[in-house]
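Undergrad: just a sequence and a predicted model for now, questions to come.
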Amino acid sequence: MNIDLTDTTSGRINAALVRARRAMGSPAVGMVLTLVIVTDEGSHYDALKAASDASKEHPSRILVVVRRPGRSPRDRAMARLDAEVRVGGETGTGETVLLRLHGELANHAHSVVLPLLLPDAPVVLWWPADPPEYPSKDPLGALAQRRITDAAETEDPVAALRGRAASYAPGDTDLAWTRVTLWRSVLAAALDQKQARVTRAVVEGEEYNPSSELLALWLADRLGVPVERVLSGGPGITAVRLATEEGDICLERGDGSLATLSVPGQPDRSVALHRRSTAELIAEELRRLDPDETYAGAVRFGLDRLVRGQVAQVEAVEAAQAQAQAEAARAPGGEQAPPQIVVHPDKERMARATAARLITAIVDAQAARGRAHVALTGGRGGNALLAALAQAPGRSGVDWSRVDLWWGDERFLPEGDPDRNHTQAREAVLDALPLEPSRVHPMPAGDGPHGDDVDAAAEAYAAELAAAAGESGPGGGTGGDGTGGAVPAFDVLLLGLGPDTHVASLFPGHPAVRETGRTVVGVRRAPKPPPTRISLTLPALRAAREVWLLAAGEDKAEAAADALTAGDPARTPAAGARGHERTLWILDEKAAARLPESVRS
Ligand SMILES: O=C(O)[C@H](O)[C@@H](O)[C@H](O)[C@H](O)COP(=O)(O)O
């Protein structure tokens, strides 16, 4: 039931609430707290929506206070209270009162709110933005057992955290702190389980991210060791590394909601660390109303006591890359994204983290388009990734029956030959996945219907790709000259980097690299055995939404440096492998060792 009251009083509002309850035949019992939200006209809808969702778990009276002091002296001199009372309906078992305090009344919000508080029930106050400097001393704040602010909703979140530290009083909390609950619980469990002494810690997260700061402060406060705060490109917190005598405990979340937890001596596991909605955060805060001493210890630990580290390896390159590479790597149409770079400490962790990243990408693609198209690569890097995928617990989060698997290239050998990429992929993981056989698209074998005619085999695969192109959802890929030669818009196209900068079976100086009219070609006299292969062409690779290039080991260092600074794909084919939406270079430290300063600085 909705009741609108103009130029009213708190008493009339209470009477309206009673009337509405009676009319609905639902007494006001069962409501557990009063949630007061202080916001402005432009933000009250979102804040109320989040609070209403949160209060489904905690039936509440929600009072939304919107101050309207007025623009002119005349407006400011008057005093008027308008109210919108909502009981039942989308408020669930709770009730909502939107209060507009006009003119002079805007300076006396607590006198309006006090008579509207549920009797004998806790009060929670939430400022979605622009909180008072001392929340506990604010007249409204003084009414509350819990006072919620959000440092992320400020111009300078780190400065805001300094303010929270200075003004802290029991009952204060901040949503930037709430956002690290899941990280803290995973790390605390890993530390409890491992019982290893931590000697130092690193927290990587995007700049101006207060949650990264608070997670670092919490580790410093709890562990009593040096904690380094390192900047990354995000989103949000991207990694925590705890150095112990037995090796690093790492919790890495590349760019999605799935993180990888690596604990020395244990198999990696994927952990859901999705970035929660405001409603979920508020619901968590409503669950506990006692003072959060852990928050108090962290926020007051002292930001200046954190070690300010170098910009993370990952993002030093990403930031420089975005600028230095944009022109050189841009495709003729200018639509490909400049490459981003992720560097992992070693090839084992690179494979594990990339497997988790691939799972996230597939889950996201299926959520967006109902299915996912992934093109696999052969070689040690590609197979290591598939082996890691076989171990990744998060793989059960994928509906494999809606994944289409393709190959970027294939050795033109008899079916089942151990050197075929398809054979190796099946052995690594495919045979263990509940795939839909009709959605697994190996390239033709050398003893198949086309005999030893590799060109005919290539044409057949091009036709299979074209048939699937229309199914790959909006923005379906086009390869070749962009006309008939279509391919699906691969959600992720994986490529291993050859030591000579080849990708797929496109080798430097080879005619296949310069092919633009077809999407798939036969390759003869390949420098990497076996000599006869089938390969997607560069235009077909570029039809992918995302292209991920994998390079591990020092034998790839020069190739990676060449490809990331070169411009001519004919000479350095990897330089021409760009995705429409994203190009990701995934390296281990050894393969990244020769990246020029201009790229790494
Ligand atoms: O069929 C192939 O050989 C691959 O598709 C090829 O493109 C491979 O990915 C690179 O040569 C890197 O191989 P390594 O990862 O083994 O170095």
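TA: Arrived safely, thanks for sending. Numbering: from 1, shown residues only.

Undergrad: and the stretch 351-500 of the chain, which residues reach the ligand?
TA: Residues of the stretch 351-500 of the chain lying close to the ligand (Cβ under 6 Å from any ligand atom) are 377, 378, 379, 380, 381, 382, 409, 411, 421, 496, 497, 498. Where C-beta positions appear, they are placed from N, C-alpha and C, glycine not excepted.

Undergrad: from these, which two are the most distant?
TA: 411 and 497 (17.6 Å; Cβ to Cβ).

Undergrad: which of these two has more neighbours?
TA: It is residue 497, of residue 411 and residue 497, that has more neighbours when counted by other Cβ atoms under 10 Å, with 29 against 25.

Undergrad: and for the closest residue to that one other than its chain neighbours, the neighbour number?
TA: Counting by Cβ to Cβ, 6 or more residues apart in numbering, residue 497 lies nearest to residue 551, which is 4.0 Å off, once chain neighbours are set aside. When neighbours are counted by other Cβ under 10 Å, residue 551 registers 28.

Undergrad: where in the stretch 251-400 of the chain is pLDDT low?
TA: The model of the stretch 251-400 of the chain has pLDDT under 70 over residues 256, 309-337, 393-394.

Undergrad: how about the helices in it?
TA: For the stretch 251-400 of the chain, helices defined by DSSP state H, counting those that start in this stretch occupy the ranges 278-287, 293-299, 313-329, 347-369, 379-391.

Undergrad: now tabulate those in JSON lines and tack on distance to residue 305.
TA: JSON lines is the format used below for the helices of the stretch 251-400 of the chain (distance: least, Cβ to Cβ, whole Å):
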{"stretch": "helix 278-287", "distance to residue 305": "27"}
{"stretch": "helix 293-299", "distance to residue 305": "12"}
{"stretch": "helix 313-329", "distance to residue 305": "23"}
{"stretch": "helix 347-369", "distance to residue 305": "29"}
{"stretch": "helix 379-391", "distance to residue 305": "37"}
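
Undergrad: between those helices, which one is nearest to residue 226?
TA: helix 293-299 (15.8 Å).

Undergrad: restrict that closest one to CA atoms and write it as PDB.
TA: Extracted in PDB, the C-alpha atoms of helix 293-299 (Å, rounded to 0.1, in the frame of the first residue of the first chain):
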ATOM      1  CA  GLU A 293      36.900  -4.600  16.200                       C
ATOM      2  CA  THR A 294      38.700  -6.200  13.300                       C
ATOM      3  CA  TYR A 295      37.700  -3.300  11.100                       C
ATOM      4  CA  ALA A 296      38.800  -0.900  13.900                       C
ATOM      5  CA  GLY A 297      42.200  -2.600  14.000                       C
ATOM      6  CA  ALA A 298      42.700  -2.500  10.300                       C
ATOM      7  CA  VAL A 299      41.400   1.000   9.500                       C
END
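
Undergrad: mind listing what's buried along that helix?
TA: Residues of helix 293-299 classed as buried: 295, 296, 298, 299 (neighbour count, 16 or more other Cβ atoms under 10 Å).

Undergrad: next, format those residues as JSON lines and append distance to the ligand.
TA: JSON lines is the format used below for the buried residues of helix 293-299 (distance: Cβ to the nearest ligand atom, whole Å):
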{"residue": "295", "distance to the ligand": "47"}
{"residue": "296", "distance to the ligand": "51"}
{"residue": "298", "distance to the ligand": "43"}
{"residue": "299", "distance to the ligand": "47"}
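
Undergrad: how about those residues, which pair is most distant?
TA: 296 and 298 (7.5 Å).

Undergrad: where does the protein dip in pLDDT?
TA: Applying pLDDT under 70 to the chain picks out residues 26-29, 91-92, 256, 309-337, 393-394, 470-485, 597-601.

Undergrad: near the ligand, which residues of it?
TA: 377-382, 409, 411, 421, 496-498, 503-504, 528.

Undergrad: of the residues you listed, just the buried ones, ChimeraX syntax please.
TA: To isolate the buried ones among these in ChimeraX, judged by 16+ other Cβ under 10 Å, type:
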select :377,378,379,381,382,409,411,421,496,497,498,503,504
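
Undergrad: alright, calling it a day.
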